[in-house]
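Undergrad: Quick one: sequence plus predicted model below, questions after.
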Amino acid sequence: PRSTLFPYTTLFRSVIAVTAALHGSTRVVATDINPAAAHNTMLNAVRHGVDDRVRVVRGDLFGGLTKDERFDVIFWSSPYVLAPQDYEYRHVHERAYVDAGYAAHQRFLAEAPRWLAPGGAVLLHFSTCGNLVALLRAADTHRRGLHILRSRVHTDGDHEVDHMLIEITTQSAGDGGRPG
């Protein structure tokens, strides 16, 4: 892809944005609300010689983007652990894996297609540590289809965790729930 957006790069996910630039993306934008994560992403871009193609924006999901920006690929490795809606974050790092009331997921599902270039793709990393039923309900609310492109099971201690790469599509009225 020519342009790629990575909302919420977080400290341990910044490598994904840099890897995209290393493998051919000519414009990569990584956003994060955590200033340390944003700084880390830029340090990694400089270290790997792709800082001319990587722009780091401090913002929440799509915050900080200009209204005219469009992307061929939007990939979000989401904070898939569902917390109660009134959950109060104790530290900014919790936002990397916890989403209170799935508010960030709701926003992502509602807003991501607006930022796509024609023919672009919205991709989501999710896992069975999250609440797939709640994600499906949120997708339905926003008339989005969820299609698992790849799934890989990893053992985490005594538990198997299924990590999924999900494509998000827009459904049109009267399509019977099929992707639009």
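TA: All right, it came through fine. Every value quoted in this text rests on a predicted model; they were computed, and no experiment measured them.

Undergrad: for Leu124, phi and psi?
TA: phi -130, psi 130 (degrees, to the nearest 10).

Undergrad: pLDDT value on Thr128, please?
TA: Per-residue pLDDT puts Thr128 at 93.

Undergrad: what separates it from Arg2, distance-wise?
TA: Using Cβ to Cβ, to the nearest Å, we find Thr128 at a distance of 33 Å from Arg2. Bear in mind the C-beta positions are built from the backbone N, C-alpha and C, glycine included.

Undergrad: how about low-confidence regions in the chain?
TA: Scanning the chain for pLDDT under 70 picks out 1, 8-13, 173-180.

Undergrad: helix/strand/coil for the residue nearest to the spatial centre of it?
TA: In the chain, the residue lying closest to the centroid (Cα atoms, centre = their mean) is Trp76, at 1.1 Å. At Trp76 the chain is in strand, as set by DSSP: H, G, I helix; E, B strand; the rest coil.

Undergrad: still on that earlier bit, out of Thr128 and Arg2, which sits in the busier spot?
TA: Legend: neighbour count by other Cβ atoms under 10 Å for Thr128 and Arg2, higher for Thr128 (15 against 12).

Undergrad: Would you map the helices across the chain?
TA: For the chain, the helices defined by DSSP state H cover 10-22, 35-47, 103-111, 132-141.

Undergrad: I'd like the distance from stretch 50-64 to the chain centre, please.
TA: Chain-centre distance of stretch 50-64: 13 Å, with Cα atoms, centre = their mean, to the nearest Å.
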